[in-house]
Every structure is written in structure tokens, then in C-alpha cells.
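[1] Got a predicted structure plus its sequence, pasted below:
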Amino acid sequence: MSVIPPPEKLRISPDAIEEAAKLLYIRALKILPDDIKAGFHRLDASETDGLAKSVLATMIENIAVAERTENLLCQDTGIPIFNVEIGREVELDGWALKQAIARGTERATREHPLRSSVVHPITRVNAHSSCGAHVPVIHIDFVETPRILRLVMIPKGSGSENGSFLRMLIPADGLAGVKRFVVDAAIQAGGKVCPPTILGVGVGGTSDLCMHLAKVAATRPLGTLCADPEGAKLEQELSEAVNSLGIGPQGLGGDSTAFAVHVEVAATHITMNPVAVNIQCHSARRASATFTPEGVEIGF
Amino acid sequence: MTHHTLHMPITEAQVRALRVGDTVTLQDTLFGIRDATQIHMFDRGRRTRFDLNGHAVIHTAPNVRKVAPTGSNQAGYEAVCIGTTTSDRMERFTRPLMEREGVRIIIGKGGLREESARAFQELGGAYLAVIGGAAALETTWITAIEDVDLDDLNPESLWRFAIKDFGPLIVGMDSHGGSLYRGVQERVAARRAEVLAKLGAA
């Protein structure tokens, strides 16, 4: 009887994670993902308002200027968020991973240099490191692919993050209540959240999970659909609704209020009907590093 | 609709010549101001050594690099990326900025509210919209960080920028009670019922 050797584990050193975290933070701030660039051109092609078209043209010009001058797209360096996906055959020290992400974030801030946009919530003191209690925000998930580790970095801008809304609706409010809440959130956010946006909607779960779903939805690449068919249907309906309000780019009027409305759903309690909105601004920045046995690939 | 080139500082008559929908290019000098700057100036009684009389302020907190101070750059900072933040959070500082400091123009994104519209009308001021999130472009309009005050609040210090061809900016609110934002909000409110009806959520 032959013995099958156990599969070789993918091992990634904390130093490699630190370097990747630093690189991704800076890259995310400078290069907009292809799906967002395509979203801009789609909106520009269909926009009917003259002022809105000129606002979109300035945004599109800014993307090119940022790449040409190797500068940041937006001055808001945001709250650093790292989503980490870990395969089944990956060996790593989770504590060291978290430390390495924070060190990479701090080095990006000091060495580039970047504005540290992170302060203590009570004293308002800025440590000029982009780090603090629970920041960078790190979400860890496990995936089936055996030898893969993926880091997705999202610098979440504050103008759009301040446009966050949660309501614990009740079953009697129905899906109509959910829709009304989303439309009213878009109206209340207006131009403050730097439209055109990706409007993320969480439906179901608990209060905290519902808001997390909204964030997942807001930071999902354009062109992706909610895995739940009822959620996907809602995405389509709400996208059309939000873009018929006339808020427009920068809240100055026009058709291009949102690139899309994205929905994520979770099961909820028989007595509950929670809905949350989290918004991503037009500087919908992401950068990713994918580690495999073949090496590391940098993308979005 | 008219295009205006304004060499800062300006007079009340110059700001009253601006009308919503006009475009403006600023020259020479611009001050950067932010939440913490104004909380300290107006809630905690701190004063600036800068003379803001007749000037424009922009709602910003820049990305900067420390450098050795030079003749044109006494502050010891060089611009990395300078953009604009959401103005709405700083709504209540419009009037004190104008009354106490003599500011004539506020530049930002997303607009200000009715109390600011009244202050612009009564005291002679305007709100100019710059495109939020277009900071790489905006940085090319700034030639130097000339000086800085209240720098213990960094990056929310009070910054003095030297500017060249800063714009075009859109007059979003003027000194005659006009506001592009109010117009859009009224149109959006009027469409809400129809949008909800189509969703079956009236």
C-alpha cells in the first residue's frame, strides 16, 4: 500500500504580507479598477444633463491625471480595510498576519507619505500611522481553493461612509419598506457622498451583519450580481429607481447618481426585517494581491 | 452664464457679481480649512495669525511631505495630493468664518444648507463647487504650500496655498439667495413619489 504524501502547504512570510499591504494601500489610492473605469464610460455615454456630463468628464480626466502623475486619485486616504481570503492548504500565523498588515499600512503612510486619516474616537488625536484600535479593519474568510491567500485592500473614504443608514424594519413593513428606505437613504445622502456611487444594500441578518452586508455590497466589483436571485432582482429595480431621482454626479443634478445598487442578503429572524445602506463614492478604490505557489499577482 | 477670473482677495462687489451656474477660476492665494480647524477656531476660541479678509477657503486636509523651508515655501511642506472634502459637516461655521474672519468664498463639494445661503446673502459671499474626488487634477492647480498655522491639528491645519488657474469651479450658491443644490433637492423631492410608485413602495 502506497502512502500519499500530504499536500505541500502554501507558506507566506509575514514580511511578504507587510510588503503587499504597503504596496496595495498606495496602489489602491492611485489606480482605479477597470470595472469602475468602464462604469464611468457607461454613465458618460447615457448621461443627458449637460452640467452632469462636464462633471463626469472632470472625474474621467482626474483618473488619467492620477496615473500620469502617479498621484492619489482623491486626497481622502480613507479608513484602511483589508479583506483576507485563506485557502485550505495555507499555513500561517494569523496573529503575525494581522501585525504585518498594520505594519505595511503604517509604512505606506510614513514612507509615501500619505495623510493619516485615522484618529482616536474620543481624544481625536492622530498618530499619523493610519492605524489605531481595530484599524486597519481586517476581515478574514476561508475559501475552498487549497493553496491561495488573497488580500483585497479598500481605502474607504469618509464622505461616502458618513452616508450609512440602518433601520430595523419589521415584517409588516415588507419589501416595500426596504425599497422606500433605500430610496430615502439615496435622497438624504444626496451630493454629500460624492456620486456617482455604488449604493450597497444589506437585507436581513442581525443589525451588525446587515451593515456588514451593505459594506460588502458597496465594495463589490461592478458587473457582479447578488448570488441570491431575489437579491439580484432587487438590485436591478433599485438601480433604475435611484437613477431616476435626478441627484446626479456631485448632487448637481443629472441621471448618473449610482453606477449600480448592489444587494447582499442574509437569513433573518421571523420578527425582523433589517435593511442597511453603505455607500461607495466614485473613487471606488480597490487593490489585491493573490499569493499562490507560483508567486504573487497584483490586481484589483 | 459668465466665466470669472478672480485674483484673491476680492471685494464684496466682486463676490456679488457671481451668479449660480457661472464658472470661476481663482488666482494667487487660497486657504485650506477643515472640521478640526474650525472647531478650534470657533468653539474653542483659537485665533489665526492669517488675514482671511476677502479670501477664499477650501474644505480640505491635504497629503503633504515635510521638506526644508525655502523662500516661497516657509511652511516646510510640499504638496503630495490636495483635494476637497464634504462641506455639509462644516455648515455651522459659514457665518462665523464670514463675520469674524471676513471670508468671501467657500469652496467645497456637496453644497451647504439654508443658513449658509442666508449668510452669503446678508454678508456677501458665495459657495463654489469643485469636483470631489478629482484631487490629482486639483493638485496641479496648486503651486506651493506657502505657510501653515494651527499645525498641531495637522493634517487639519490652516493652510495657505499659492494657486495658479484654480478651476474652473461652479458657482453652487450665490449672494442673491440662489443655490443649485436647493434646486436639485426640490426636483428630487418632487420625483420621489413617482419613483416609489414604480417600485410598488408608495
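    Everything's here; your move.

[2] Quickly check: the longest strand along chain B near chain A or not.
    For chain B, the strand that runs over the most residues, judged by DSSP state E, is strand B:158-173. Yes. Strand B:158-173 reaches chain A (CB under 8 Å from any CB of the partner chain) through B:Ile170, B:Gly172. To be clear about C-beta, it is placed using only N, CA and C from the backbone, and glycine gets the same treatment.

[3] by how many degrees do whichever helix or strand comes after that strand and strand B:158-173 diverge?
    Using DSSP states H and E, the helix or strand that follows strand B:158-173 in sequence is helix B:180-198. Relative orientation of helix B:180-198 and strand B:158-173, computed by axes from the mean of the first three to the mean of the last three CA atoms, to 10 degrees: 60 degrees.

[4] for helix B:180-198, the distance to its chain's centre please.
    26 Å (CA atoms, centre = their mean, to the nearest Å).

[5] what are the ranges of the helices in chain B?
    Assigned by DSSP state H, the helices in chain B fall at B:12-16, B:35-38, B:94-101, B:114-123, B:135-139, B:180-198.

[6] of those helices, which approaches chain A most closely?
    helix B:135-139 (3.7 Å; CB to the nearest CB).

[7] how about the closest one: buried residues?
    Neighbour counts over helix B:135-139 (16 or more other CB atoms under 10 Å in any protein chain shown) mark B:Ala135, B:Ala136, B:Leu137, B:Glu138, B:Thr139 as buried.

[8] what is the rounded mean pLDDT of it?
    The average of the pLDDT scores along helix B:135-139 is 97.

[9] residues in contact with A:Ala214?
    By CB atoms under 8 Å, 6 or more residues apart in numbering or on different chains, A:Ala214 lies in contact with A:Ser164, A:Gly200, A:Val201, A:Gly202, A:Glu264, A:Ala276, A:Val277, A:Asn278.

[10] count of residues packed around the spatially closest residue to the fourth one that is not a sequence neighbour?
    With CB to CB, 6 or more residues apart in numbering or on different chains as the measure, A:Leu213 is the residue that lies nearest to A:Gly202, at 3.2 Å, once sequence neighbours are left out. Taking other CB atoms under 10 Å in any protein chain shown as the neighbour definition, A:Leu213 ends up with a count of 27.

[11] Please determine how far A:Leu213 is located from A:Pro274.
    A:Leu213 sits at a distance of 9 Å from A:Pro274 (criterion: CB to CB, to the nearest Å).

[12] same thing with A:Thr268?
    According to CB to CB, A:Thr268 and A:Pro274 sit 6 Å apart.

[13] Return every residue with contacts to both of these two.
    With CB under 8 Å, 6+ apart as the test, A:Thr268 and A:Pro274 both reach A:Gly204, A:Gly205, A:Thr206.

[14] Pick the one among those closest to chain B.
    Distances from chain B to these, taken by CB to the nearest CB, are shortest for A:Gly204, at 17.5 Å.

[15] which residue packs closest to the closest one, ignoring adjacent ones?
    Nearest non-adjacent residue to A:Gly204, counting by CB to CB, 6+ apart: A:Thr268, 3.9 Å away.

[16] who are the neighbours in contact with the one you found?
    A:Thr268 makes contact with A:Gly204, A:Gly205, A:Thr206, A:Pro274 under the criterion CB under 8 Å, 6+ apart.

[17] Closest one of these to A:Ala21?
    The closest of the contacts of A:Thr268 to A:Ala21 turns out to be A:Gly205 (CB to CB; 28.8 Å).

[18] Got phi/psi on that closest one?
    The phi/psi pair for A:Gly205 (degrees, to the nearest 10) reads phi 80, psi -160.

[19] Ok, A:Gly174 next?
    Backbone torsions of A:Gly174, given as degrees, to the nearest 10, read phi 60, psi -170.

[20] What separation do you get for the closest residue to it other than its chain neighbours and chain B?
    In space, A:Gly174 comes closest to A:Asn273 once its chain neighbours are excluded; the distance is 7.5 Å by CB to CB, 6+ apart. From A:Asn273 over to chain B the distance is 13 Å, taken as CB to the nearest CB, to the nearest Å.

[21] Neighbours of A:Asn273, how many?
    Counted with other CB under 10 Å, the neighbours of A:Asn273 add up to 22.

[22] Touching, the residue nearest to A:Gly202 and A:His262? I think so.
    No. A:Leu213 is beyond contact range of A:His262, at 9.8 Å (criterion: CB atoms under 8 Å).

[23] Next, show the common contact partners of these two.
    The contact sets of A:Leu213 and A:His262 overlap at A:Gly200, A:Val201 (CB under 8 Å, 6+ apart).

[24] Can you name the residues of the stretch 1-150 of chain A that neighbour chain B?
    So far as CB under 8 Å from any CB goes, the stretch 1-150 of chain A lies against chain B at A:51, A:55, A:58-59, A:61-62, A:65-66, A:69, A:71-77, A:112-117, A:124, A:126, A:128.
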